[in-house]
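>>> Please work out how this folds:
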Amino acid sequence: MAADNGERSGLLVDWGGVLTTNLFQSFQDFCVRGGIEPQKLRESFGANPEFRELLIALEKGELGEEVFEARLAPLLGVEPTGLIDELFAGVHADEAMLEAVRLARAAGVRTGLISNSWGVHRYPHELFDELFDGIVISGNEGMRKPSQRMYELGAERAGVETHACVYVDDLPFNLTPAEGLGMATIHHTRAEQTIPELERLLGVSLSGALQE
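Residues are numbered from 1 along each chain as shown. Reported below is the predicted structural model:
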C-alpha cells in the first residue's frame, strides 16, 4: 500500500465483496441450507481444476450461466436450476461503501468499477450512472482479473492515470496487478476500516458514509 496522503485522484473498486456484503458468507450459508459440507465448496474454489476452468470461462463470458450451473451442480451434489442465484442469495448492498463512492465522486474523484462477473445481469445497472465514470465487467470484456489489462482499462475509462488511482478489492491476489501499475491498494474487509483509509489516500471527507 502506498504511503502517500491525499495524492490520489481516482478510485477503482471491485463489486462483489466490496460494494456488497461478504460473498463467501453467502456461499457458506448456501451450504448450510443445502446440507453441504462448506469445505467441499471451498475445495472446489481452491483445488478443483474442473471448477476453476468453469469459473474462469463464466467470468470471461465464454460460458453461459445455465451451462455453468449444469456442470457445477454435480460437483456439489445439488440441482442446477437457479444455482447461481442460490449461491448469491445472501449478498446485499453495502450501503456505507456505496455512499463512500458517491461522496468521493461528488468531491471530484474519478471513479470506476472493475469486477469479475458471474453473469452480467445481476448488477444494479440503474446505480451505475451515479456511482462510476468508467465500468469494466469481465463478462463484457472477455478477460478477468488478475489480468493487468482489466486495471489499465478501468483507469482509462474512469479518465485517470493508473498511478493516480486507489484500487479496492476483497481478494488480496487481485491487488497485486494494481500495485504493479503504481496504484495504491486496499484489502477490503469492512467499511469501517476501508473508508478512513480512502479518506487518507484521496484527501476527501467520506465520514457521512459511516453515518448512514
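
>>> Name the SS class of Tyr167, please.
Following DSSP: H, G, I helix; E, B strand; the rest coil, we place Tyr167 in the strand state.

>>> So which other helices or strands are in contact with the helix or strand of the chain with the lowest mean pLDDT?
Least confident helix or strand of the chain, by mean pLDDT, DSSP states H and E, is helix 38-47 with a mean of 74. Other elements packing on helix 38-47 under the criterion 3 or more C-beta pairs under 8 Å, 6 or more residues apart in numbering; DSSP states H and E are helix 23-34, helix 49-59, helix 65-76. (Each C-beta comes from the backbone N, C-alpha and C, glycine too.)

>>> Okay, angle between that helix and helix 49-59 too, please.
Interaxial angle, helix 38-47 versus helix 49-59 (axes from the mean of the first three to the mean of the last three C-alpha atoms, to 10 degrees): 70 degrees.

>>> Not counting helix 38-47 itself, show me its contacts.
Helix 38-47 is contacted by residues 27-28, 30-32, 51-52, 55, 72, 75-76 when judged by C-beta atoms under 8 Å, 6 or more residues apart in numbering.

>>> can you pull the contacts of Glu197?
Taking C-beta under 8 Å, 6+ apart, one finds Ile186 in contact with Glu197.

>>> May I see the helices and strands packed on helix 38-47 organised as CSV, with mean pLDDT, mean neighbour count and distance to Trp15 added?
Shown next, in CSV, are these (pLDDT from 0 to 100; neighbours: other C-beta atoms under 10 Å; distance: least, C-beta to C-beta, whole Å):
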stretch, mean pLDDT, mean neighbour count, distance to Trp15
helix 23-34, 92, 16, 10
helix 49-59, 92, 16, 12
helix 65-76, 92, 16, 17
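
>>> Distance to Glu152 for those helices - can I get that in TSV?
Formatted as TSV, the helices and strands packed on helix 38-47 follow (distance: least, C-beta to C-beta, whole Å):
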stretch	distance to Glu152
helix 23-34	25
helix 49-59	18
helix 65-76	27
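
>>> Which among those is found nearest to His92?
Of all those, helix 23-34 sits nearest to His92, with 8.9 Å by C-beta to C-beta.

>>> Ala73 contacts Pro80, doesn't it?
Yes: between Ala73 and Pro80 there is a contact at 3.8 Å, judged by C-beta atoms under 8 Å.

>>> Nearest to Leu153 among the contacts of helix 38-47?
For the contacts of helix 38-47, the residue nearest Leu153 by C-beta to C-beta is Leu55; the value is 20.9 Å.
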